[in-house]
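Undergrad: A structural model of the following input is requested.
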Amino acid sequence: MSMIELIALFSGAAFVAGLVLVVVALVGTRRPAGPAPGAQPGVRRLSTGSGSGRREQRRYQVLLGAAVVAGALAFLLTGLPVVGLLVAVAVPGVPWLFAVGRAEQRAIARIEAVGDWTRRLKDICGTGQGLQQAIVGTIATAPEEIQEEVRTLAARLQAGWLAKSALLAFADEIGDPVCDQVVAALILHLTDRGERLGDVLGSIASAASAEVATRREIEAKRTQPRFAVRFLTGMTLAALAYALVNTEYIQPYRTPFGQLVMAVLGAAFVGLLVWVRSMSQPPRPARFLPAPDPEEVIA
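TA: Alright, predicted model coming up:
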């Protein structure tokens, strides 16, 4: 086998491995609930990402295009396919690594918003209004973090959804056990029409405040491993930048064996960054409410 063939073989293998890493990093490995996706949905997911909002999908597409362009430029400058691949992985990977902790901060803010919304719902229910009218009445004052979900919940109730199914869908969109407690109390109220709903909602809101305080304290203790993630990410950027401008530094890697060594070292370093990042992430809290049954949506 000639040297050109070896380079082509290693370049193809490295490209496939890098593509898998990019997809796993940006899209994730957990398949959403629903029917098994076919070929077309899979292609669409690869091109738009897993973001539900238009802004998130747009950002994913911009990063994907920037990764391709940056990888191609790095390959043209150095003539090394593995360098181009590492640069292409770094374009979406660096923001992903630097954004460590943002998801948890957003989750904490949403829990706090659920607690505030619960208090407002309790106050409106205390005026004698029915549950559906009370939920619709909280649209104007719903916290910004969950305003879209509250609007969707009210719209579903007004469109004729079963109250239980609409509430379960709301809990599924929030995706936190604190919201599950609120929804469970509302569903029980629909069943037994008890008169202590306000007291229950007040207790849950107080528990939500305590949960927010606890999570923020835990979040503060995760600053050290997250600093390590950012430090290692900065080292990666510096090494890549130095390799692009210093041809003597990457001269030993111009052989097929050198490209293989670079690919192995690069994969190991990326794996280390992902592992350290995972150490600084909290486990996903377990929920106890199921998703709504699609056959029991409309009354």
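
Undergrad: low-confidence ranges in the stretch 51-200 of the chain?
TA: Scanning the stretch 51-200 of the chain with the threshold set as pLDDT under 70 gives 51-56, 194.

Undergrad: Please enumerate the strands of it.
TA: Residue ranges of strands cannot be listed for the stretch 51-200 of the chain, since DSSP state E, counting those that start in this stretch assigns none.

Undergrad: Helices of that one, residue ranges please.
TA: Under the criterion DSSP state H, counting those that start in this stretch, helices of the stretch 51-200 of the chain are mapped to 54-78, 81-98, 102-125, 131-137, 147-158, 163-174, 177-192, 197-221.

Undergrad: The fifth one versus helix 163-174: what angle between them?
TA: Going back to what we said before, that points to helix 147-158. What separates the directions of helix 147-158 and helix 163-174 is an angle of 160 degrees, with axes from the mean of the first three to the mean of the last three CA atoms, to 10 degrees.

Undergrad: which helices and strands does helix 147-158 pack with?
TA: Identification of packing neighbours for helix 147-158 by 3 or more CB pairs under 8 Å, 6 or more residues apart in numbering; DSSP states H and E yields helix 131-137, helix 163-174. In short, each C-beta sits where N, CA and C put it, glycine included.

Undergrad: and if you look at the shortest one?
TA: Secondary structure elements in contact with helix 131-137, counted by 3+ CB pairs under 8 Å, 6+ apart, are helix 102-125, helix 147-158, helix 177-192.

Undergrad: Can I get it in CSV, CA atoms only?
TA: C-alpha atoms of helix 131-137 as CSV (Å, rounded to 0.1, in the frame of the first residue of the first chain):
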residue,chain,number,x,y,z
LEU,A,131,-58.9,26.1,37.4
GLN,A,132,-59.0,26.6,33.6
GLN,A,133,-59.9,30.3,34.0
ALA,A,134,-57.2,30.7,36.6
ILE,A,135,-54.6,29.2,34.3
VAL,A,136,-55.7,31.5,31.5
GLY,A,137,-55.5,34.4,33.9
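
Undergrad: Show me which residues of it are buried.
TA: Using 16 or more other CB atoms under 10 Å as the test for burial, helix 131-137 gives 131, 134-137.

Undergrad: Could you list the residues in contact with that helix?
TA: 121, 124-125, 129, 150, 153-154, 157-158, 163, 186, 189-190, 197 (CB atoms under 8 Å, 6 or more residues apart in numbering).

Undergrad: Select only the buried ones of the residues you listed in ChimeraX?
TA: Per 16+ other CB under 10 Å, the buried members of the contacts of helix 131-137 correspond to this ChimeraX selection:
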select :121,124,125,150,153,154,157,163,186,189,197
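
Undergrad: of all the contacts of helix 131-137, which comes closest to Tyr253?
TA: When these are ranked by distance to Tyr253 (CB to CB), Val150 comes first, at 55.1 Å.

Undergrad: neighbours around Ala140, how many?
TA: Summarising burial for Ala140: neighbours were counted as other CB atoms under 10 Å, giving 9.

Undergrad: Sorry, slip of the keys, the one I care about is Ala72.
TA: For Ala72, the neighbour count with other CB under 10 Å is 13.

Undergrad: Without its sequence neighbours, what residue ends up closest to it?
TA: Closest residue to Ala72 apart from its sequence neighbours, by CB to CB, 6 or more residues apart in numbering: Gly84 at 6.6 Å.

Undergrad: roughly how far apart are the one you found and Arg215?
TA: The span separating Gly84 from Arg215 equals 41 Å under the rule CB to CB, to the nearest Å.

Undergrad: Over to Ala74?
TA: According to CB to CB, Ala74 stands 40 Å off from Arg215.

Undergrad: So which of the two has more stuff around it?
TA: In this comparison of Ala74 against Arg215, neighbours counted by other CB under 10 Å, the higher total goes to Ala74 at 24 against 19.

Undergrad: still on that earlier bit, distance to Val100 added to the buried residues of helix 131-137, as CSV?
TA: As requested, those are exported to CSV (distance: CB to CB, whole Å):
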residue, distance to Val100
Leu131, 39
Ala134, 39
Ile135, 35
Val136, 38
Gly137, 39
